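Asks: Generate a structure from the sequence data that follows.
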Amino acid sequence: MNRSLERRVLCFLNLMVLALGVALVSGCGAARAGRFEAFAAAGMKYSEARNQFLRHSLDVNIERDTLELRKQHGALDAAGRARVLTDQDKIVQERIAILADLERHGAVMSQYFLALARLASPQADANAAAAATKLSGELGGLTNALAKKSIGGNPISELIGQATGMAVGGFRNRALERHLKEHAQTVQRELTLEEELLRVLTDEMIADRKALQVNERRTVLVPPFRGNAPPPEWDAERKRFLLAEVDLTRARAAQDAARQLRMVFESLAGGADDGGLAALQFAIERVNQFVGPGGK
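Replies: Below is the predicted model of the structure:
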């Protein structure tokens, strides 16, 4: 081999080694920020779906409250009826107020996910980092205000998780990495609270819907069938009742989605390349199915 050819071969081999080294560093040594863009997009869809779930839970809660008022009606005199109605209206108004607070929290959470998507994109700038930082702080402030309240007899302060000192991986996007190292624990706390709040609301909603279904069976389905001939509309009523019971098995969709959201965030922040994004997207779709026209 002449010296000129030898030099060209050595040069080629050196370039190959350099290219391999760059590939290893970029592919394995740092997590892909693009995954956070996909996560943030899923987070915005989650925020919308969970707000629909909150409204659905309120509808069911009011229906159950009205049922209980009807049960008490016959045992009370006029003054007692007025008093119990006033008391129950106050309880429902308090529930409406706390759910409005939670919707506000969800709206800011959606804005945070949007800022996170901007920060994770290749076009991220200082404004994206500032927006993500501002919104993470706003979330923390809303949670501190929520901590003074209760829902379903549960003090929200007891539902707020403690920081676990979660580790943050290395990212090629240094602005994203700095943001996560400074604020990942705050976001983790918010997502843990989200999961716990939806657990409480789901437990309560399931109990409310079961009570409503028991009453419906007793008052709507059984009496006509015990008669000589059920009216034609009875068939459709029975079908609707049975399908509502099946739908109740999907009631934990929102709680499951909240848990998946937290787990994916922790995984991606730790440096994973996927973290379960497909499972998160599926969980969000199940929430939409539950609160959509076919789930009510």
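Asks: give me the number of residues near residue 265?
Replies: A total of 25 residues lie near residue 265 under the criterion other Cβ atoms under 10 Å. Glycine gets a C-beta too; all of them are placed from N, C-alpha and C.
Asks: low-scoring pLDDT stretches of the stretch 1-150 of the chain, where are they?
Replies: 1-33 (pLDDT under 70).
Asks: all helices of it, in order?
Replies: 3-28, 34-73, 78-120, 126-146 (DSSP state H, counting those that start in this stretch).
Asks: Single out the most deeply packed of these.
Replies: Greatest average neighbour count among the helices of the stretch 1-150 of the chain goes to helix 34-73 (a mean of 18), per mean count of other Cβ atoms under 10 Å.
Asks: could you give the angle of that helix to helix 78-120?
Replies: Using axes from the mean of the first three to the mean of the last three Cα atoms, to 10 degrees, the inter-axis angle of helix 34-73 relative to helix 78-120 is 180 degrees.
Asks: Which of the helices of the stretch 1-150 of the chain sits closest to residue 257?
Replies: For residue 257, the closest of the helices of the stretch 1-150 of the chain is helix 34-73, at 5.8 Å, according to Cβ to Cβ.
Asks: and after the strand or helix carrying residue 247, which helix or strand comes next?
Replies: Element membership of residue 247 [criterion: DSSP states H and E] is helix 234-247. From helix 234-247 onward toward the C-terminus, using DSSP H and E, the following helix or strand is helix 253-269.
Asks: could you give the angle of that following helix to helix 34-73?
Replies: In terms of direction (the same axes, to 10 degrees), helix 253-269 departs from helix 34-73 by 160 degrees.
Asks: Can you tell me which of the helices of the stretch 1-150 of the chain is nearest to residue 218?
Replies: helix 34-73 (11.2 Å).
Asks: I'd like to check which residues are in contact with the spatially most central residue of the chain.
Replies: Centroid-nearest residue in the chain, with Cα atoms, centre = their mean: residue 258, separated by 3.7 Å. By Cβ atoms under 8 Å, 6 or more residues apart in numbering, the contact set of residue 258 is 46, 50, 191, 194, 195, 198.
Asks: ok, the fifth one - how many residues close by?
Replies: Residue 195 is surrounded by 21 other residues when neighbours are defined as other Cβ under 10 Å.
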